[in-house]
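Colleague: Below: sequence and its predicted model.
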Amino acid sequence: VAAAAAVAGALVASGVYLAAQPGGDSVGGGPGAASPTGDDPEPGSPTTPDAPGTPAPTPEAGTWIAQLAAVPSAAGRAARDERLADVRRQVPEAVLLHTDAFASLRPGHWVVHAARPFGSGTEAVAFCAERGRTTPRDCAGRYLSHSAGDRALICHPAPEGGATGRCTTS
């Protein structure tokens, strides 16, 4: 418990927290961080740490993901794997994706996301709600593309249910 509190404190101190930031990422978004180090997989290579070296399916550009958490690459493999394990308590099928694979995501982070694509941010947020993740701290629908101009396409759970934000591409 003390180790988890120390990691959480370090993430908050570094500006990586699970609240939405104007013009930035949400669900763990924060300032850009260094690229992966050590024996982390290559950026852009989604992985499942419980099966080292086994890639998770790469989501396609032009789809939405349910982002459940994010950890800066600089936080290290242990922090990344701990956050994934924490999310998997509610969403067992969660996987990792390095944000450098898509320009629509802030670079230098690992994103924990549902292992399937969605047609809109609203669908991604509904997926989260079905699993009890109903706050912007727990979920965001994120559009995947190779254009940094799409970073504003972020959909959040609304306090009264449903979704709010930029939940579609049109």
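Modeller: Yep, that arrived. Residues are numbered from 1 along each chain as shown.

Colleague: next helix or strand past the lowest-mean-pLDDT helix or strand in the chain?
Modeller: Using mean pLDDT, DSSP states H and E, helix 2-13 stands out as the lowest-scoring helix or strand of the chain, at a mean of 38. As assigned by DSSP states H and E, the chain's next helix or strand after helix 2-13 is strand 64-72.

Colleague: For E93, which non-adjacent residue is closest in space?
Modeller: A115 (4.5 Å; Cβ to Cβ, 6 or more residues apart in numbering). Any C-beta I mention is one placed from the backbone N, CA and C, and that applies to glycine too.

Colleague: Kindly report the same for A114.
Modeller: A66 is the one closest to A114 (Cβ to Cβ, 6+ apart), at 4.1 Å.

Colleague: picking up where we left off before, what secondary structure does the residue nearest to E93 sit in?
Modeller: coil (DSSP: H, G, I helix; E, B strand; the rest coil).

Colleague: Count the neighbours of it for me.
Modeller: Neighbours of A115 under the rule other Cβ atoms under 10 Å: 18.

Colleague: is it true that it touches P92?
Modeller: No - judged on Cβ atoms under 8 Å, A115 makes no contact with P92 at a distance of 9.5 Å.

Colleague: So what sits opposite H109 in the bridge?
Modeller: P72 (DSSP bridges).

Colleague: A75 is in contact with that one, correct?
Modeller: No - the pair H109 / A75 is not scored as a contact, 9.0 Å apart, by Cβ under 8 Å.

Colleague: residues contacting the closest residue to I65 other than its chain neighbours?
Modeller: Nearest non-adjacent residue to I65, counting by Cβ to Cβ, 6+ apart: H113, 4.3 Å away. Neighbouring residues of H113 by Cβ atoms under 8 Å, 6 or more residues apart in numbering: P59, I65, A66, Q67, L68, A94, V95, L96, L97, R142.

Colleague: can you do 6 Å?
Modeller: Counting by Cβ atoms under 6 Å, 6 or more residues apart in numbering, H113 makes contact with I65, A66, Q67, L68, L97.

Colleague: I'd like those residues as TSV, with pLDDT and distance to A129 appended.
Modeller: What follows is those, written out as TSV (pLDDT from 0 to 100; distance: Cβ to Cβ, whole Å):
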residue	pLDDT	distance to A129
I65	98	15
A66	98	10
Q67	97	14
L68	97	12
L97	95	21
